[in-house]
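**Q** this one's structure only:
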């Protein structure tokens, strides 16, 4: 009985994190279906705008007013979140979901590698480089990736790094309200971009169920599930499990979007996953954390 009692929280945490990752990618797949109607910009506005509204209603951060400390970090955190989400959805217009997530994942993976000074990191860096060489449009082969989409995905990875660095500072100053406030700031960037692109189409009642689905699957539900995981498992375990997200994204893309990857692209994703898992297991203090993106 004691062993079962001690194992139950970890199993709950693993299950919560896996469901959260699946939720993220299902939300991204649903958002991609909205692209022909409101564009990537409109889908981003739905995700962050409605996601912020849901979180504000759930958390009600105004009940705990805070001083001016950490405001710059909070605004940087929120703006980087908005830019990251917008660039990620722009990448999804022209490249498959699994590849976009793998390319974006290189950002926090690089941050984690720079936080360690072990000789073994050379292997993980080599795997990342191998994955990039297989993914990036460096050769004129059939099925080459759109370079603009690749650039957006890599840009989203840079945004992910800023999200992690500034999010740590914002969290230290604003605690559990940092995500809610940061998402609200991100919405201030995403909503004007969505309105500029889609106009009044954003307010179509017929799209509201899909918009709510994107907001819940990509924001409210995974945020809650990740918190369950974070308080019940070590950071290293969290980061290691997180490394399978590009594979989950590729499967979601195949199931819901009909996206099919070439063998070399699957090998590239596996190389990046191996580098991420290896880094999480080898560094003493993993810097890799999960942003709320999809």
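**A** Happy to help now that I have it. Fair warning: this is a prediction, and the values are worked out from it, not measured in the lab.

**Q** When you work out contacts or count neighbours from here on, use the C-alpha atoms and nothing else.
**A** OK.

**Q** where along the protein do the helices fall?
**A** Remark: helices assigned in the chain by DSSP state H are 2-59, 71-92, 97-114, 121-135, 147-174, 178-198, 208-215, 221-230, 235-242, 245-257, 263-282.

**Q** For the last one, name the packing helices and strands.
**A** Going back to what we said before, that points to helix 263-282. Where contact means 3 or more CA pairs under 8 Å, 6 or more residues apart in numbering; DSSP states H and E, helix 263-282 is packed against helix 97-114, helix 121-135, helix 235-242, helix 245-257.

**Q** how does it look with 7 Å?
**A** helix 97-114, helix 121-135, helix 235-242 (3 or more CA pairs under 7 Å, 6 or more residues apart in numbering; DSSP states H and E).

**Q** So which of these has the densest surroundings on average?
**A** helix 97-114 (a mean of 25; mean count of other CA atoms under 10 Å).

**Q** what sits up against stretch 10-30?
**A** Outside of stretch 10-30, the residues within contact range by CA atoms under 7 Å, 6 or more residues apart in numbering are 214, 217-218, 222, 225-226, 228-229, 232-233, 245, 248-249, 252-253, 256-257, 293-294.

**Q** What's the PyMOL line that selects buried ones from these?
**A** Provided next is the PyMOL selection string for whichever of those are buried by 16 or more other CA atoms under 10 Å:
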select buried, resi 214+217+218+222+225+226+228+229+232+233+245+248+249+252+253+257+293+294
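
**Q** Where does the prediction get shaky in the stretch 151-294 of the chain?
**A** 227, 230-231, 235-237, 239, 280-294 (pLDDT under 70).

**Q** repeat that with 80
**A** 164, 168, 171-177, 220, 223-224, 226-243, 275-294 (pLDDT under 80).

**Q** count of neighbours near the nearest residue to residue 125 once chain neighbours are set aside?
**A** In this structure, residue 125 finds its nearest non-sequential neighbour in residue 275, 7.2 Å apart by CA to CA, 6 or more residues apart in numbering. Counted by other CA atoms under 10 Å, the residues lying close to residue 275 total 26.

**Q** Residue 275 against residue 127, yeah?
**A** Yes. With contact defined as CA atoms under 7 Å, residue 275 reaches residue 127; the gap is 5.8 Å.

**Q** from what I can see residue 260 touches residue 254, true?
**A** Yes. Residue 260 lies in contact with residue 254 (CA under 7 Å); the separation is 5.9 Å.

**Q** in stretch 7-22, what's buried?
**A** For stretch 7-22, by 16+ other CA under 10 Å, it's 9, 10, 12, 13, 14, 16, 17, 18, 20, 21, 22.

**Q** dump the residue contacts of the nearest residue to the first one once chain neighbours are set aside.
**A** What it means is residue 9. Nearest non-adjacent residue to residue 9, counting by CA to CA, 6+ apart: residue 232, 6.2 Å away. Listed by CA under 7 Å, 6+ apart, the contact partners of residue 232 are 9, 10, 13.

**Q** Return the set of buried residues in stretch 261-274.
**A** 261, 265, 266, 267, 268, 269, 270, 271, 272, 273, 274.

**Q** do stretch 42-59 as well
**A** Buried, per 16+ other CA under 10 Å, within stretch 42-59: 42-56.

**Q** List of residues touching that stretch?
**A** 31, 34-35, 85-86, 89, 180, 183-184, 186-187, 190-191, 194-195, 197-198, 202, 211-212, 214-216, 218-220.

**Q** now that stretch: how far from the chain's centre is it?
**A** In terms of CA atoms, centre = their mean, to the nearest Å, the centre of stretch 42-59 is set 15 Å apart from its chain centre.

**Q** what's the answer for stretch 78-88, then?
**A** 10 Å.
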